[in-house]
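>>> Next come a sequence and a model predicted from it.
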Amino acid sequence: MMCYVFGEESTESLGYFFKTLKTNLFNFCYKDLNLDRVISVVSSVYEYGHMNNDTLNLYLKTLLDFILEEPSSSQSLKDNENKEYSTTLKSIINLAIKLDNVEIVKSALESKALKPLININSKDENNEYPIEIAFQNYFLRKEDLFYNSKINADMFQYLVENDANYSMKFGNDVYILYTSLLSKSHEFMKVILNHPKYLKQIKFDDFKEIFLPTTSISILGMNVILYNDIFSNPKLINVLENYLQESTPNKRIIILYSLLMKAIYENRLDIIKKYIKYSYLNRYKVDTRILNEIHTGYSPLAFSYILERNNIFNYLLENLTETNFKLLDGYNRSTIYFATLKEDISTLKRLLEENNIHELHSSPISMLKISAEIGNMASIRFFLDMLCENEGIGELFFDEFQFYVISSRKLKTEDKIYILKKLYDLGTNINYCAEYKLDFESSFPLKLAYENPEMEFPLVKFLLERGANIEKSFNNVESFIFDSIIQEHYTLAAYLIEHYSFNPNVIINETTPLIAAVYSAHCPLVKLLLEYGSDPDFVPITNKAKKRSLLMLAIRLEYEDIIKELIKHHAKIKFNNKSDYYRLIRSLQNDSWGLLDYIKENHIDINTPDRLKSIIMDGKLNLMKILVDSELLYMDDKDALGNTPLFYAVQFGSPLFFKYFIECGSDVNMENYEGETVDTINHRYNYTYNQSTYNIINRIMRNATKRNHHDPPECQNKKIKVQ
């Protein structure tokens, strides 16, 4: 198996292999691959980050396609007789869930042929339920710092919408509902509350197991004990005894509480009325006393709400004391919390109309945070409007709330802007520093918006237009522009260039914004930087490639549009190694680049004796031919010592180049400034140590002398001298 092989190459190779098999050239049956067994085994041992997800996704898609496309499979699917496919499909779906591949799951569940074979509420060969995997996968990925930015409850929601039963016990006999409450997984609670079908199927005894109150000492009471050092003071032992007696609910109260909750579960409004009529609740304070002293337990009002016992909920809301309304259950949740998750605005209005808003200011504020996290825009609008109508409530909180809005992965960009506009119109500080105050990596709203996993340009632009201070988040505009280019936020970089004053040639990390833009291959940004004053020839002294000009860099990277743009701004061609030189020569053949015309029109000399010698030494005759054909090299032009390219060919013992230069019109009788001829040079360098080469060159030279010299090629009439 190649599940552990990382890299695009391995996945692409497998993809080509599978594609070849599907051509049926080998009379192939997909079962021969045993992919179904591979997927089942991999699913049983899968750990995120330890396998090649791309390869596994390829396996899943390939197997699913084979099942749908093979004629024998289609017939079996139509007849709905082959249980083997059902087992395979379970393995496919469960591994796809672990890979967070919603598309594969959708392809299987939404296929008319496959859906009858899939029981979404059954286990696979590894004894795992799809809904259980989706739930556990969320928490496993959430602990991973790299993946945390992408985690959400979308897979869980899709399965629930397709009738997955979340009411069963999983793993260590734990309910998803219980874990969601305990871990404050608001996204999951939102899905559960908006799909209560299976919530209502949980048996009351199981509800009791999750929510039955247990006697315990409250946190407040424990603090009293510790601060008074009651265990070391014998005189205060009786204080402990009295406290325990007062703090521990008696059995009768617990029984009444259980009966009340059972009546709610069974939708017995008549029993509820009986309790209220005889004042059992008020007499024994079932709605407040117990829940203040237990770790697990629902308030009656909240319990009736989540089970959608509307008649009972309405009755309790009207008849219970107002303390029941803001009462927190054992999971620190109030009825407001559940109504917020469901975006039940009508219920929220009723709840808040019945109570003094100034006593409940913490609830709307905390609900705003949760609403931002899960993307409940209706709830946010409601609580914002409510807080704005009550002066003094939430104003200090708004400075911090903007961070929750900006960081939300569920709110749409336009919704974020709507909320922030409202906050800033109320006077919220857009440059508020949250360092050491909130659990965010970025201390300022602007930086938080920029560093979000999926940077939203309209949001960043809005913050800038509303006065967000760049210096506080990025020290200066230049750093902001440079980082935007590096992070490939080109639209933002262009906006900053056009709207802010900056030094276009600033050096950051041994480079400049223009160099970064060239490397990014983003021509519009290169063009914009040049228009705003970036020097096309400026390369920092500290840069490792300081002798290579930007135009040469673009040539190496083969970025045609950028090459043309730099040519328009008369960029220089500079390089410091023969690799660049050879690349430049080859690029002359790309007529669309316009390099050859640019070099000729500006009389740019790209040839030196050392460069020409390196071509001969490396045997790059093809490059020499390009120079000659491009009319950039004149055969009989001399260097500082009076040597021509023909002399170089003899000096480095290359009959091939020697013959070519003669064919191009080189004069074999020419002398250098020392009075040396080609024959003299040949004797000096080749006669003693390279006799064979000496003889070949001598023979070529004699043959050339016998012939009448041809006129030099037309290309030599436009000279570029060899320096």
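Looks like it arrived, so ask away.

>>> Name the residues of the helix or strand hosting residue 96 that come out as buried.
Assigned by DSSP states H and E, residue 96 belongs to helix 83-98. For helix 83-98, a neighbour-count test (16 or more other Cβ atoms under 10 Å) marks 85, 87-98 as buried. From N, CA and C alone the C-beta is placed, and that goes for glycine too.

>>> Quick one: mean pLDDT for stretch 387-398?
Mean pLDDT, stretch 387-398: 70.

>>> what do you get for stretch 674-683?
Per-residue scores along stretch 674-683 average to 92.

>>> ok, now stretch 594-610?
Here the average pLDDT along stretch 594-610 is 93.

>>> how long is it from one end to the other?
26 Å (Cα to Cα, to the nearest Å).

>>> Any buried residues in that stretch, and which?
595-596, 598-599, 606-607, 609.

>>> repeat for stretch 627-643
Quick answer for stretch 627-643 (16+ other Cβ under 10 Å): 627-628, 630-636, 638-639, 643.

>>> Where do the strands of the protein begin and end?
If DSSP state E is used as the criterion, the strands of the chain fall at 169-170, 174-175.

>>> can you put the ones you listed in a markdown table and add mean pLDDT, distance to residue 526 and mean neighbour count?
Shown next, in a markdown table, are the strands of the chain (pLDDT from 0 to 100; distance: least, Cβ to Cβ, whole Å; neighbours: other Cβ atoms under 10 Å):
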| stretch | mean pLDDT | distance to residue 526 | mean neighbour count |
| --- | --- | --- | --- |
| strand 169-170 | 72 | 55 | 16 |
| strand 174-175 | 70 | 57 | 16 |
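
>>> Out of these, which is closest to residue 666?
Of all those, strand 169-170 sits nearest to residue 666, with 86.1 Å by Cβ to Cβ.

>>> contacts for that closest one?
129, 131-132, 135-136, 175-176, 206 (Cβ atoms under 8 Å, 6 or more residues apart in numbering).

>>> which of the residues you listed tops the neighbour count?
residue 176 (27 neighbours; other Cβ atoms under 10 Å).

>>> Hmm, which of the buried residues of helix 83-98 is lowest in pLDDT?
residue 85 (76).

>>> From residue 170, how far off is residue 121?
Distance, residue 121 to residue 170, using Cβ to Cβ, to the nearest Å: 12 Å.

>>> Just name the closest of the buried residues of helix 83-98 to residue 301, please.
For the buried residues of helix 83-98, the closest approach to residue 301 (Cβ to Cβ) belongs to residue 97, at 35.8 Å.

>>> Run through the residues that contact the closest one.
Shown in contact with residue 97 (Cβ under 8 Å, 6+ apart): 105, 130, 133-134, 137, 155, 159.

>>> From those residues, which one has the minimum pLDDT?
Minimum pLDDT across the contacts of residue 97 falls on residue 137, with 83.

>>> ok, now which ones touch the closest residue to that one other than its chain neighbours?
The spatial neighbour of residue 137 that comes closest, neighbours along the chain excluded (Cβ to Cβ, 6 or more residues apart in numbering), is residue 98 at 5.9 Å. By Cβ under 8 Å, 6+ apart, residue 98 lies in contact with 43, 46, 48, 133, 137.

>>> Between these, which sits nearest residue 267?
Minimum distance to residue 267 across the contacts of residue 98 is 33.4 Å, recorded for residue 133 (Cβ to Cβ).

>>> Run a quick neighbour tally on that closest one.
With other Cβ under 10 Å as criterion, residue 133 counts 25.

>>> again with residue 574
16.

>>> Next, the spatially closest residue to it that is not a sequence neighbour: phi, psi?
Counting by Cβ to Cβ, 6+ apart, the nearest residue to residue 574 once its immediate chain neighbours are dropped is residue 549, at 3.9 Å. The phi/psi pair for residue 549 (degrees, to the nearest 10) reads phi -80, psi 170.

>>> do you know how far residue 549 is from residue 469?
On the measure of Cβ to Cβ, residue 549 and residue 469 end up 37 Å apart.

>>> more crowded one of the two?
Between residue 549 and residue 469, residue 549 has the larger neighbour count (other Cβ under 10 Å), namely 22 against 14.

>>> Distance of the more buried one relative to residue 567?
Counting by Cβ to Cβ, the gap from residue 549 to residue 567 is 12 Å.

>>> domain assignment for the chain?
If you go by automatic domain parsing, the domain ranges for the chain are 8-128, 378-469, 475-604, 606-723.

>>> Distance to residue 307 added to those domains, as JSON lines?
Converted to JSON lines, these look like this (distance: least, Cβ to Cβ, whole Å):
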{"stretch": "domain 8-128", "distance to residue 307": "21"}
{"stretch": "domain 378-469", "distance to residue 307": "21"}
{"stretch": "domain 475-604", "distance to residue 307": "48"}
{"stretch": "domain 606-723", "distance to residue 307": "82"}
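
>>> related to what we said a few turns ago, from the buried residues of stretch 627-643, which is closest to residue 201?
Looking across the buried residues of stretch 627-643 and measuring by Cβ to Cβ, the closest to residue 201 is residue 630, at 81.4 Å.

>>> can I assume the closest one is in contact with residue 588?
Yes - counting by Cβ atoms under 8 Å, residue 630 touches residue 588, with 5.2 Å between them.

>>> so what's the spatially closest residue to residue 124 that is not a sequence neighbour up against?
Closest residue to residue 124 apart from its sequence neighbours, by Cβ to Cβ, 6+ apart: residue 90 at 4.0 Å. By Cβ under 8 Å, 6+ apart, the residues touching residue 90 are 118-119, 122-125, 130.

>>> Find the pair from these with maximum spatial separation.
It's 118 and 125 that sit farthest apart of the contacts of residue 90, by Cβ to Cβ, at 14.5 Å.
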